[in-house]
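Undergrad: Build me a model from this:
(one chain, ligands or ions: 1)
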Amino acid sequence: MTVARFWRHLPQRYNMVGTKCEKCGRHFFPPRSFCPDCRRAGKIVEHKFKGEGTVVTFTVIHTAAEQYSMLTPYVLAIVKLDEGPQITTQIVMDPAKAKIGMKVKSVFRRIATDGESGIIHYGTKFVPVE
Ligand SMILES: [Zn+2]
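TA: Just a heads-up that it's a prediction; the model follows:
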């Protein structure tokens, strides 16, 4: 089974599962099936991220689409994972206390509720490390 096909069957949003290149050690999140450094020589394997990282920069969102309005104001940050990749994610915390350089870890939280169908969407978010 190819890596690409493998990933389609994985509940990626429930876990911080990405990939890494065994040849150069570079990590990818979201997962990639190809290493841009090693190209054909790369060997891509799955990698479960620890889900810990550092806030590189952030912004406080005060208005959002209606389905997300219950969340405002919220902190949207670029987090550099300990393994290297940077991701954009929500930090669940008091926006007044957000700081660049703070340590955060991933948690599993509700992202939005679809009002019509009542479907609840879940995904990875981050919280400050105490
Ligand atoms: Zn590589």
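Undergrad: mind listing what's buried in stretch 71-91?
TA: 71, 74-81, 83, 85, 87, 89-91 (16 or more other C-beta atoms under 10 Å). C-beta here means a position set from N, CA and C on the backbone, and glycine is covered the same way.
Undergrad: Show me those that map onto strands.
TA: When the buried residues of stretch 71-91 are checked against strands (DSSP state E), the matches are 74-81, 87, 89-91.
Undergrad: Let me know the closest of those to residue 51.
TA: residue 81 (7.8 Å; C-beta to C-beta).
Undergrad: Tell me the spacing between the closest residue to the closest one other than its chain neighbours and the ion.
TA: Leaving aside its sequence neighbours, residue 81 sits nearest to residue 53 (C-beta to C-beta, 6 or more residues apart in numbering; 4.2 Å). Note on residue 53: its distance to the ion, by C-beta to the ion, to the nearest Å, is 21 Å.
Undergrad: can you check residue 39 too?
TA: 8 Å.
Undergrad: Kindly report the same for residue 128.
TA: 32 Å.
Undergrad: pretty sure residue 79 contacts residue 87?
TA: Yes - taking contacts as C-beta atoms under 8 Å, residue 79 lies within contact range of residue 87: 5.6 Å.
Undergrad: okay, and the common contacts of those two?
TA: Here residue 79 and residue 87 share the contacting residues residue 53, scored by C-beta atoms under 8 Å, 6 or more residues apart in numbering.
Undergrad: Look at residue 101 and give its secondary structure.
TA: coil (DSSP: H, G, I helix; E, B strand; the rest coil).
Undergrad: The chain should start at 790 in everything you say after this.
TA: Okay, residue one is now 790; in that scheme the one you just asked about reads as residue 890.
Undergrad: What is the neighbour count of it?
TA: 8 (other C-beta atoms under 10 Å).
Undergrad: For it, which residues are in contact?
TA: Per C-beta under 8 Å, 6+ apart, neighbours of residue 890: 843-844.
Undergrad: Who are the packing partners of the helix or strand encompassing residue 845?
TA: With elements taken from DSSP states H and E, the one containing residue 845 is strand 841-850. Applying 3 or more C-beta pairs under 8 Å, 6 or more residues apart in numbering; DSSP states H and E, we find strand 841-850 packed against strand 863-870, strand 875-880, strand 892-902.
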